[in-house]
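> coords below, sequence missing:
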Ligand SMILES: [Fe+2]
């Protein structure tokens, strides 16, 4: 007479239980692999990082146009403010040059390529080119208006980086916002009359 085999795992035999475990294990592994595929080597979501890079490339374009405008104004400034503004604009374009490199290298760190052509920068930038016949006050007002556009674009970058949990980009661009706001305050103070006071602003 054949004795009925006792099954130690209730309705499943050991072989069946293992099969279930293997199926579950490979499903978890597949889910993990899928999640890993969504992340880049910095463990940042690729799709969200692409959105950040899009805004960083616009900022890069803005900075190129702004940089060349500062050189334009550095060369073409005339009048009583020449010595002050000639030096100030050089200081500002040196700073812009460093930031251009840092933005491009941040894009590369995020595993994307920075836009690298002047023709594309001109198409993409919020900042627009200026002529070379401005008075000193027109130059400063033009730059203050550009600062507003740059700061807006930086805030757009920070917003996307925040969605992606990208603290590195937030740290870099957040510092740029603070620095540009300070430079804007100085330019704004320069264009005020000495008879004006802060309470009137
Ligand atoms: Fe120079």
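Perfect, thanks for sending it. Nothing here was measured: the structure is a model prediction, and the numbers come from that model.

> Buried residues, stretch 155-171. List them.
156, 157, 158, 160, 161, 164, 166, 169, 170 (16 or more other CB atoms under 10 Å). Using the backbone N, CA and C atoms, a C-beta is placed for each residue, glycine as well.

> I figured residue 39 hits residue 45, correct?
Yes - using CB atoms under 8 Å, residue 39 is in contact with residue 45, at 6.1 Å.

> Neighbours of residue 88, how many?
If you count neighbours by other CB atoms under 10 Å, residue 88 ends up with 21.

> Show me how far whichever helix or strand residue 87 is part of is from its chain's centre.
Using DSSP states H and E, residue 87 sits within helix 82-109. The chain centroid and the centroid of helix 82-109 are separated by 16 Å under CA atoms, centre = their mean, to the nearest Å.

> same check, this time on stretch 186-197
Chain-centre distance of stretch 186-197: 31 Å, with CA atoms, centre = their mean.

> got it, and stretch 168-179?
Worked out by CA atoms, centre = their mean, stretch 168-179 lies 8 Å from the chain centre.

> Go ahead and confirm residue 112 touches residue 53.
Yes - assessed by CB under 8 Å, residue 112 is found in contact with residue 53 at 4.4 Å.

> Which one's more surrounded, the two?
Ranked by neighbour count (other CB under 10 Å), residue 112 and residue 53 place residue 53 first, with 26 against 18.

> which residues does the more buried one contact?
When contacts are counted by CB atoms under 8 Å, 6 or more residues apart in numbering, residue 53 touches 107, 110, 112.
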